[in-house]
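Participant: my questions concern the predicted model and sequence given below.
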Amino acid sequence: MPTEVHPAPLRSFKHRRGRITPGQQAALGLLQPRYGVPAGPGPLDLAELFGRSAPVVLEIGFGMGEATVAMAAAEPGRDVLAVDVHTPGVGALLRDVGAQGLTNVRVAVEDAVELLATRLAPASLEEVRIFFPDPWPKTRHHKRRLVSPAFARLVADRLRVGGLLHCATDWTPYAEQMLAVVHGEPALANEHEGYAPRPEHRPVTHFERRGLARGHQVHDVLARRLP
């Protein structure tokens with residue numbers, strides 16, 4: 001059973017409205033029963049969910065799913081549990097997973113912190129990916145940022161020893177916070193003295209391209225779970 005952890009109750013995301021295309025809507029109806037994660041509460045049996053015992057990657061906030069699909073296709077030996085609440089993005093990911101016939105992706109539509117805290121067991125994850133989360137740039141909203149000390153403690157508990165936390169952002173003040181959080185969590189060790197070189201295996205996402213077009217610098221932070 002997962003250990004009892006009480007992260008901050010504030011939501012780290014905002015529900016975004018967006019036009020859903022006919023293809024995305026069709027994917028929601030046809031493919032969510034196959035690739036979707038059954039709604040909670042209750043712990044998830046990851047081996048049952050994926051139909052095998054394999055390393056599991058949790059991806060939080062997958063946008064339109066392009067990086068999720070590319071990385072899952074490149075790593076068929078690892079399973080990807082992708083979680084988001086943006087309906088058009090969920091539909092797009094389901095559509096692309098179905099089109100490529102991927103069997104190693106499951107999609108959860110729920111609060112990622114609640115999923116981590118109540119549905120995933122300690123040491124059950126190989127990796128946690130957080131690519132371009134909402135930066136909440138206004139000072140009064142910084143408390144809503146996902147990557148916080150409480151969140152890092154929760155992630156560290158759910159990672160196996162040697163497991164990886166991989167964050168990426170194009171918002172430098174948030175990147176600085178990510179570094180500080182990693183350095184302040186005794187169960188995590190930064191793989192680099194500061195930011196990591198951009199990993200070649202991480203695809204360029206829509207949010208990354210948009211940030212680069214605005215002149216932003218992209219930062220990756222990689223940390224390992226210590227024994």
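Facilitator: That came through, no problem. Numbering: from 1, shown residues only.
Participant: who touches the lowest-mean-pLDDT helix or strand in the chain?
Facilitator: Using mean pLDDT, DSSP states H and E, helix 206-213 stands out as the lowest-scoring helix or strand of the chain, at a mean of 88. Residues outside helix 206-213 that contact it (Cβ atoms under 8 Å, 6 or more residues apart in numbering): 63-64, 66, 131-132, 168, 170-171, 218. Every C-beta, even on glycine, is put in place using the N, C-alpha and C of the backbone.
Participant: may I ask which of those residues has the most neighbours?
Facilitator: Tallying neighbours with other Cβ atoms under 10 Å puts Ala168 at the head of these, with 26 neighbours.
Participant: tell me where this protein has strands.
Facilitator: Assigned by DSSP state E, the chain shows strands spanning 56-60, 79-83, 105-108, 125-131, 159-169, 188-190, 219-225.
Participant: note down every partner strand of the fourth one and its orientation.
Facilitator: Okay, so that is strand 125-131. strand 56-60 (parallel), strand 159-169 (parallel) (DSSP bridges).
Participant: among those, which comes closest to Thr118?
Facilitator: With Cβ to Cβ as the criterion, Thr118 lies closest to strand 56-60 of the strands paired with strand 125-131, at 13.8 Å.
Participant: off-centre distance for stretch 104-113?
Facilitator: In terms of Cα atoms, centre = their mean, to the nearest Å, the centre of stretch 104-113 is set 8 Å apart from its chain centre.
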